[in-house]
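Q: Any chance you can model this:
(one chain, ligands or ions: 1)
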Amino acid sequence: MGFVIAIDGPAASGKGSMAVRLGKALCLPVLDTGLLYRAVGVAVEQAGGDLDDETQSAAAAARLDLDDLESEAFRTRGAGEAASRVAVHPAVRAALLDAQRRFAAREPGAILDGRDIGTVIVPEAPCKLFVTATPETRARRRHLQLRAQNDPVTFEAILDDIRRRDTRDADRAAAPLRRAEDAALLDTTDLDIDAAFDAALRIVEASRGRWETS
Ligand code: DC
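A: Predicted coordinates for the structure are as follows:
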């Protein structure tokens, strides 16, 4: 295995932008695994299906085109909620497992961000980060982003979304959101994007040093 960085954490914790910046700095490919679940949720909804139906959701996961994850439709609030609902189904998670592991097996390494990367997808990853921040901080960041896109959504509505998703993602039986025992905890509540990135880079460099000498 190459140098794999597993980044997990709750919704809007900043793990996505951190993964992208680390990817540029280290020249490693990045997979935002939330996009896979978002694409499945959107596919089920577009087909008029039921997000709570495991068979329908798993069929959509099996049909997923991994080269077609760029759509803006996957970035909406509704897609995040749909993703969290289909993500509770073990058969959906099983259908997406191989593609994520294949990505992680790339040389000279890869970065994956999600909820279960360090615990289930690549438990042997040489570098694991668990990125978090208070629900209020995460809601404030998401609110600023959406307001910049002229979305009139209120802060309270986003905070509700975030709390609901945190509970669903952490309480599900299949691969729940939790910190791997060997993941470095990075709380970005009091850090801006640059400071959070610098902190992540320090953790990654320390892991890389250990990995290269092991
Ligand atoms: O990271 P995100 O907000 O794009 O993720 C959307 C949802 O997908 C999240 O609420 C739970 C699910 N998800 C998951 O269960 N496992 C992952 N590795 C990534 C996302």
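Q: Could I get the contacting residues of the residue positioned nearest the centre of the chain?
A: When the chain is reduced to its mean C-alpha position, the closest residue under C-alpha atoms, centre = their mean turns out to be residue 114, at 2.5 Å. Under the criterion of C-beta atoms under 8 Å, 6 or more residues apart in numbering, the contact partners of residue 114 comprise 7, 8, 32, 33, 34, 100, 121. Every residue, glycine included, has its C-beta placed from N, CA and C.
Q: Tell me how many other residues surround the residue nearest to residue 56 when sequence neighbours are not counted.
A: Leaving aside its sequence neighbours, residue 56 sits nearest to residue 49 (C-beta to C-beta, 6 or more residues apart in numbering; 4.4 Å). Counted with other C-beta atoms under 10 Å, residues neighbouring residue 49 total 17.
Q: for residue 49, phi and psi?
A: For residue 49, the backbone dihedrals (degrees, to the nearest 10) come out as phi -90, psi -170.
Q: Tell me the spacing between it and residue 33.
A: The span separating residue 49 from residue 33 equals 22 Å under the rule C-beta to C-beta, to the nearest Å.
Q: can you list the residues of the protein near the ligand?
A: For the chain, the contact set with the ligand under C-beta under 6 Å from any ligand atom comprises 11, 33-34, 37-38, 80, 83-84, 87, 114-116, 165, 169.
Q: Could you rerun that using 8 Å?
A: With the criterion set to C-beta under 8 Å from any ligand atom, the chain comes near the ligand through 8, 11-12, 15-16, 32-38, 41, 79-81, 83-84, 86-88, 93, 100, 112-117, 121, 165, 168-169, 172, 175, 177.
Q: circling back to that earlier point, I'd like to know how far the residue nearest to residue 56 sits from the ligand.
A: Plainly put, residue 49 is 17 Å away from the ligand if you go by C-beta to the nearest ligand atom, to the nearest Å.
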